[in-house]
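the following block contains a protein sequence and its predicted model.
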Amino acid sequence: MSDTTTARRHELNLYRRYFDLVAAGRKSIEVRVRYPHLADMAAGDTIRFRIKGTDETCDVRVLRVTGYPNFEALLDGEGPANVNPASSREEQLTNIRAIYPPEKEALGALAIEIELIAA
């Protein structure tokens with residue numbers, strides 16, 4: 001049997017404050033809602049992050065994707081410093097929930113472990 005799984009490339013937008021952390025290699029966990037279009041994301045895939053409305057991008061490799069029932073469980077499981085080393089757990093929870101309202105969080109949360117791909 002041969003493995004027919006191929007790595008996929010995803011394009012996702014990021015706010016400037018998170019983009020800068022990813023581009024500096026300081027953010028190792030990206031948080032997303034478990035949307036259907038992310039269901040097939042897996043280790044080995046790449047993500048091109050873009051600041052919406054700009055040409056600024058950075059590429060990362062997906063090391064792992066782990067699902068959680070909500071953002072609190074994700075922060076507890078992954079460690080807040082891996083998600084955003086510049087903010088406390090409480091600040092992160094507030095910021096994430098400002099981006100994703102309760103009906104989105106109800107879909108579940110994804111922790112995407114990433115590593116920066118050198119340019």
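Received, thanks.

now Glu77, nearest residue through space, not along the chain?
No Glu there; residue 77 is Gly. Tyr68 (6.1 Å; Cβ to Cβ, 6 or more residues apart in numbering). The C-beta positions use only the backbone N, C-alpha and C, and glycine is treated the same way.

tell me where the longest helix sits in this structure.
Ranked by residue count, the top helix of the chain under DSSP state H comes out as helix 89-99.

how about the next helix or strand after that one as CSV, C-alpha atoms only?
Note on helix 89-99: by DSSP states H and E, the next helix or strand toward the C-terminus is helix 102-105. Output of helix 102-105 as CSV, limited to C-alpha atoms (Å, rounded to 0.1, in the frame of the first residue of the first chain):
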residue,chain,number,x,y,z
PRO,A,102,-19.9,32.1,21.3
GLU,A,103,-21.7,30.4,18.3
LYS,A,104,-18.3,30.0,16.6
GLU,A,105,-16.6,28.7,19.7
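
buried ones in helix 102-105?
Neighbour-count burial for helix 102-105, counted by 16 or more other Cβ atoms under 10 Å, picks out Glu105.

and the angle for the helix or strand following it with helix 89-99?
Using DSSP H and E, the helix or strand that directly follows helix 102-105 along the chain is strand 109-116. Per axes from the mean of the first three to the mean of the last three Cα atoms, to 10 degrees, the angle that strand 109-116 makes with helix 89-99 is 110 degrees.

part of a strand, is Val62?
Yes: under DSSP: H, G, I helix; E, B strand; the rest coil, Val62 sits within a strand.
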